[in-house]
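Undergrad: return a 3D structure for these sequence lines:
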Amino acid sequence: MALAEEPDRAPLLVASLRGWRRDWLRGDLMAGLALAAVALPAQLATARLVGVSPSVGLVAFIGGTVGFALFGSNRFLSVGSDSTIATIFAGGLATVAAGGGLNYPEAAALLALLVGAILIGAAVLRAGWIADLLSGPVITGFLAGIAVHIIISQLPAILNVPNAPGRLPSQLVGILRHVPEAHPMTIVIGLCVLALSLATSHLAPRVPGALLALLLAAGVVWVLHPSADVVPVLGSLPPVTMRPHLPSINTLRDLEPLLPLAFIVALVCMMQSAAVLRAYPSEAGGPRHVSRDFGGVGAGCVLAGLFGAFAVNASPPNTSVVAEGGGHTQLAGLVAVVLAGVLALFGAELLAVIPQAALGGLLISIACRIFQVREMARILRYGGTEILLVAASAGSVILLPIQTGMLISIVLSLLHSFTIIARPLCTELLRVPGTTVWWPPMEDAASKREPGVLVFGLAAPINFTNASYVCRRLTELVAMRHSVTLVVLEASGMIDIDYTGSRVLQQTIARLRDGGITVALTRLLGERAQLQAGRSGLIAALGPKQVFRTVDDAVRALRPQV
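TA: Numbering: from 1, shown residues only. Predicted structure coming up:
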């Protein structure tokens with residue numbers, strides 16, 4: 001379902017804090033503490049997934065949260081590093097860095113600036129509709145593919161075996177070959193962090209299970225002092241420098257390989273942000289400023305890139321912590337930013353003893369949450385072919401480079417939408433006995449067919465993609481009935497008609513009339529469709545006396561002529 005855009009008359013800056021009251025302070029403080037406990041461990045783990053120092057994940061969280069608090073409008077939306085987009089751009093950045101034009105951290109920061117610029121551009125152009133390019137089943141399959149990527153990428157850390165090169169299937173085969181060399185202690189640490197994170201997220205969502213799991217893992221390493229060969233840890237981290245700077249590029253050609261990746265990452269940010277905004281509006285039933293909030297996420301990406309981090313995104317679980325934890329405004333996020341800054345500047349010793357297997361287990365728990373088994377089951381129970389979209393989208397992301405899989409997912413979604421429009425469900429309508437209602441035939445309800453009358457439901461906009469199909473379907477139904485002398489076109493679903501659609505429909509009406517069949521049009525409700533039907537000559541071809549408000553009016557008026 002698309003998010004409706006409404007005029008945004010809020011101030012340019014800190015709109016998410018407008019109307020703040022002193023009695024909200026306690027709720028924002030408590031929500032900020034809960035957000036820090038839940039979000040900061042994930043920021044460390046996601047930075048490792050990106051391939052940079054874990055402390056850079058804290059910088060990304062700071063930049064994303066401050067940027068959105070300044071320029072966004074939603075009171076609850078939490079922005080920071082995100083495993084979905086991290087998985088997408090990590091491989092692309094590695095390819096760019098291997099080309100020699102940019103080093104990896106510079107490429108990551110530059111990509112963040114490009115993604116931010118695209119999102120801000122989308123906000124200026126009020127392009128919130130872009131978030132609707134992917135259907136639900138395609139998004140479900142895409143996230144499932146991303147989850148598989150995350151899980152396989154973290155198996156070497158949990159098993160303490162070497163990473164395997166190549167595409168995902170080759171990586172899995174290489175990892176399985178090294179399973180006999182796995183270290184039991186890292187497996188235990190990783191699985192315990194995974195189990196505790198999943199258990200708390202399902203049984204006690206308010207408990208910061210990820211934070212407790214990392215602290216317990218760090219405590220085990222601190223007490224037992226295992227060697228780095230047995231349990232690799234993060235070790236000493238480079239100091240965090242909170243000085244803004246532009247990534248250095250040699251020529252504009254350095255941007256070329258990053259631009260397609262930036263557009264893909266920006267599109268995923270739009271889709272995920274729109275989903276979060278739909279789930280957690282600032283006010284129930286209140287205005288939604290989707291485009292503006294795209295700009296807020298874009299501002300977060302720009303700040304993250306200026307401080308040497310990577311692209312950020314809206315986070316569904318972190319947003320739920322703020323909204324359901326008593327938060328009222330973006331002040332909750334700013335409280336978490338202060339704690340993230342303290343950890344980044346003074347928590348190097350604590351971070352150094354965190355086992356890499358623990359971060360791997362935390363990332364796999366995130367992957368398990370975005371692998372939406374329940375949603376897949378609902379799509380399967382729906383009984384249509386859309387479960388095939390889930391499988392195709394997931395398979396393309398798993399078997400191909402993620403960027404390619406993402407593009408294929410977009411194409412699949414658009415093709416699915418095109419197929420629905422190009423092959424709409426147009427059927428005969430029957431009278432419900434004892435009423436003036438005309439309805440598609442139902443197995444569990446009686447319905448009545450009027451002798452000599454065919455009521456045909458135009459269940460879609462009529463345009464160049466489907467006009468021939470719709471008219472062919474109408475002609476087939478007339479031929480099947482044999483004795484039809486009145487055709488009533490029920491047009492409540494025809495909200496739009498283009499030139500080609502009108503011409504094909506007029507030609508079909510002329511053929512029916514040549515065969516001695518009267519044709520009427522009813523329930524043309526859409527103002528746009530009415531205007532286009534008049535301009536294109538459809539109303540003139542029918543004749544004004546052949547246009548009615550209801551099917552029953554048409555049948556009563558024209559049946560005597562039959």
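Undergrad: and the strands in the stretch 351-500 of the chain?
TA: In order along the chain, the stretch 351-500 of the chain carries the following strands (DSSP state E, counting those that start in this stretch): 428-431, 438-439, 453-457, 486-490.
Undergrad: contacts made by the first one with the rest, please.
TA: Identification of contacts with strand 428-431 by C-beta atoms under 8 Å, 6 or more residues apart in numbering yields 437-441, 447-450, 454-457, 477, 490, 551. Where you see a C-beta, it was placed from the backbone N, CA and C, and this is true even at glycine.
Undergrad: list only those of these flagged as buried.
TA: Neighbour-count burial within the contacts of strand 428-431 applies to 438, 447, 450, 454-457, 477, 490, 551; the criterion is 16 or more other C-beta atoms under 10 Å.
Undergrad: dump those residues into CSV; add pLDDT and distance to Glu256 as well.
TA: Listed next are those as CSV, based on pLDDT from 0 to 100; distance: C-beta to C-beta, whole Å:
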residue, pLDDT, distance to Glu256
Trp438, 86, 58
Ser447, 72, 62
Glu450, 82, 65
Leu454, 93, 59
Val455, 93, 58
Phe456, 94, 53
Gly457, 91, 51
Leu477, 93, 55
Glu490, 93, 53
Val551, 92, 58
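Undergrad: of those residues, closest to Ser83?
TA: The shortest distance between Ser83 and any of those, using C-beta to C-beta, involves Gly457 and amounts to 45.5 Å.
Undergrad: got the contact list for the closest one?
TA: Contacts were defined as C-beta under 8 Å, 6+ apart; by that measure Gly457 touches 426-429, 440, 490, 492-493.
Undergrad: could you redo the last one with a cut-off of 7 Å?
TA: Taking C-beta atoms under 7 Å, 6 or more residues apart in numbering as the contact definition, Gly457 lies against 426-427, 429, 440, 490, 493.
Undergrad: reformat these as CSV; add distance to Ala108.
TA: Converted to CSV, those look like this (distance: C-beta to C-beta, whole Å):
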residue, distance to Ala108
Cys426, 51
Thr427, 54
Leu429, 58
Pro440, 54
Glu490, 56
Gly493, 48
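Undergrad: and those, which is closest to Ser201?
TA: Gly493 (42.7 Å).
Undergrad: for the closest one, which non-adjacent residue is closest in space?
TA: For Gly493, the nearest residue in space outside its immediate sequence neighbours is Ala459; the separation is 4.2 Å by C-beta to C-beta, 6 or more residues apart in numbering.
Undergrad: isn't the one you found right next to Ile421, touching?
TA: No: under the criterion of C-beta atoms under 7 Å, Ala459 lies out of contact with Ile421, with a separation of 10.5 Å.
Undergrad: the more surrounded of the two?
TA: Neighbours per residue, other C-beta atoms under 10 Å: of Ala459 and Ile421, the larger number sits with Ala459, 16 against 13.
Undergrad: any idea of the pLDDT on the more buried one?
TA: The predicted local distance difference test score for Ala459 is 82.
Undergrad: in contact with it, which residues?
TA: Contacts were defined as C-beta under 7 Å, 6+ apart; by that measure Ala459 touches 424-426, 493.
Undergrad: list phi and psi for it.
TA: Dihedral pair for Ala459: phi -90, psi 20, per degrees, to the nearest 10.
Undergrad: tell me how far it lies from Pro226.
TA: 66 Å (C-beta to C-beta, to the nearest Å).
Undergrad: repeat that for Arg378.
TA: 45 Å.
Undergrad: residues contacting the residue nearest to His183 when sequence neighbours are not counted?
TA: Excluding the flanking residues, the one nearest His183 by C-beta to C-beta, 6+ apart is Asn160, at 4.2 Å. With contact taken as C-beta under 7 Å, 6+ apart, Asn160 is in contact with 182-183, 186, 232, 357.
Undergrad: would you point out the most distant pair within those residues?
TA: Comparing all pairs in those by C-beta to C-beta, the longest separation belongs to Ala182 and Pro232, at 12.8 Å.
Undergrad: pull stretch 331-343 out as CSV, backbone CA atoms only.
TA: Extracted in CSV, the C-alpha atoms of stretch 331-343 (Å, rounded to 0.1, in the frame of the first residue of the first chain):
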residue,chain,number,x,y,z
LEU,A,331,15.6,13.3,21.6
ALA,A,332,15.7,9.6,22.4
GLY,A,333,18.0,9.0,19.5
LEU,A,334,20.2,11.9,20.5
VAL,A,335,20.6,10.3,24.0
ALA,A,336,21.8,7.1,22.3
VAL,A,337,24.2,9.2,20.2
VAL,A,338,25.8,10.6,23.4
LEU,A,339,26.4,7.0,24.7
ALA,A,340,27.7,5.9,21.3
GLY,A,341,30.2,8.8,21.3
VAL,A,342,31.4,7.9,24.8
LEU,A,343,31.8,4.3,23.7
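Undergrad: so what's Asn250 up against?
TA: Taking C-beta under 7 Å, 6+ apart as the definition, contacts of Asn250 comprise Gly101.
Undergrad: out of the strands of the stretch 351-500 of the chain, which gets nearest to Val240?
TA: For Val240, the closest of the strands of the stretch 351-500 of the chain is strand 453-457, at 63.3 Å, according to C-beta to C-beta.
Undergrad: sheet-wise, list the partners of that closest one with their directions.
TA: When sheet partners are counted by DSSP bridges, strand 453-457 sits next to strand 428-431 (antiparallel), strand 486-490 (parallel).
Undergrad: all helices for the stretch 101-250 of the chain, in order.
TA: 104-124, 136-159, 168-177, 184-203, 209-224 (DSSP state H, counting those that start in this stretch).
Undergrad: ditto for the stretch 251-400 of the chain
TA: Counting by DSSP H, counting those that start in this stretch, the segments of the stretch 251-400 of the chain that form helices are 258-279, 290-306, 316-324, 331-346, 348-352, 356-370, 373-382, 386-399.
Undergrad: give me whichever of these is most buried.
TA: For these, the largest average neighbour count (mean count of other C-beta atoms under 10 Å) is found in helix 290-306, namely a mean of 28.
Undergrad: can you count the residues close to Ile189?
TA: Ile189: 27 surrounding residues under other C-beta under 10 Å.
Undergrad: before we move on, what about Leu125?
TA: 11.
Undergrad: now it. Nearest residue, chain neighbours left out?
TA: With sequence-adjacent residues excluded and distances taken as C-beta to C-beta, 6+ apart, Leu125 is closest to Ser291, at 7.7 Å.
Undergrad: understood, closing this out.
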